[in-house]
Every structure is written in structure tokens, then in C-alpha cells.
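>>> structural data only, the sequence is not supplied:
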């Protein structure tokens, strides 16, 4: 495991941000193909949403699948980690992601059913 993978898995926002700022490889994967976005959605920790947002801004593609075909958002849904649920922008030409939270005020009824 790389230092960045350990920091992400541990939920350390400060260490993750420091490693990313110092050009840590955000494209690293585990042996089962999980990206850095996957552990943010697997294990609950208070920094998960913030870490995931930072990783996405650094270039992590939150739509990439692991070797079982699971995307991070699939993991978030299956574990009810809606605070880190990743959605691609509704613009099909956009590569912008947003984090969706079940408790988000102003979310439409359609969003609530995700």
C-alpha cells in the first residue's frame, strides 16, 4: 500500500491533502482494482466526503470500476454511505462530479430516491 492509500483508508484529511499537494500518484489501484475513491465509500469515517472531494479535484475518476465491476457509488449505496455518494454532473459532456448527501437541504425529491 502506498502512503496515500493508507491515509485515505484511515480517513486522514490532512495527510491525504498533504500527499496530494506533493504530487502523490492519485491513479494508484489496489490488487483488486479499487481506486482511491473506493475506500472513501467502503468505510465510514468523518473525513470521507472531504477526502473524496479532494481526490476528485486531483483527478481521481469516481466512475472507474474495480475488477468486480463495482463503482465507488455502488459501494456507497450498498452501505448507506449517502454522504459520499458520487454523481456525475447531469451535463453529459461534463467531467464534473458532485457529492450528494441525503440530508442535503434543497435536494430534489428525485435526488432523495437515489
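Nice, thanks for sending it over. Computed from a predicted structure; not experimentally measured.

>>> OK, contacts around residue 13?
If a contact means C-beta atoms under 8 Å, 6 or more residues apart in numbering, then residue 13 has 47, 50, 51, 54 as its contacts. For glycine as for every other residue, the C-beta is placed from the backbone atoms N, C-alpha and C.

>>> which members of those occur in strands, if any?
Among those, no member falls in strands (DSSP state E).

>>> which of those fall within helices?
Mapping these onto helices (DSSP state H) picks out 50, 51, 54.

>>> for these, which one is nearest residue 26?
residue 54 (9.4 Å; C-beta to C-beta).

>>> residue contacts, the closest one?
Contacts of residue 54 by C-beta under 8 Å, 6+ apart are 13, 16, 17, 20.

>>> show me where pLDDT drops low in the chain?
Low-confidence segments of the chain (pLDDT under 70): 43, 81-114.

>>> for it, which segments are assigned as strands?
Applying DSSP E to the chain gives strands spanning 85-88, 97-100.

>>> residues in contact with residue 45?
So residue 45 contacts 10, 11 (C-beta under 8 Å, 6+ apart).

>>> from residue 11, how far off is it?
Residue 45 is 3 Å from residue 11, where distance means C-beta to C-beta, to the nearest Å.

>>> follow-up on the earlier one: can I get the ones in helices among the contacts of residue 13 in JSON lines including distance to residue 76?
Below are these laid out as JSON lines (distance: C-beta to C-beta, whole Å):
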{"residue": "50", "distance to residue 76": "15"}
{"residue": "51", "distance to residue 76": "13"}
{"residue": "54", "distance to residue 76": "17"}
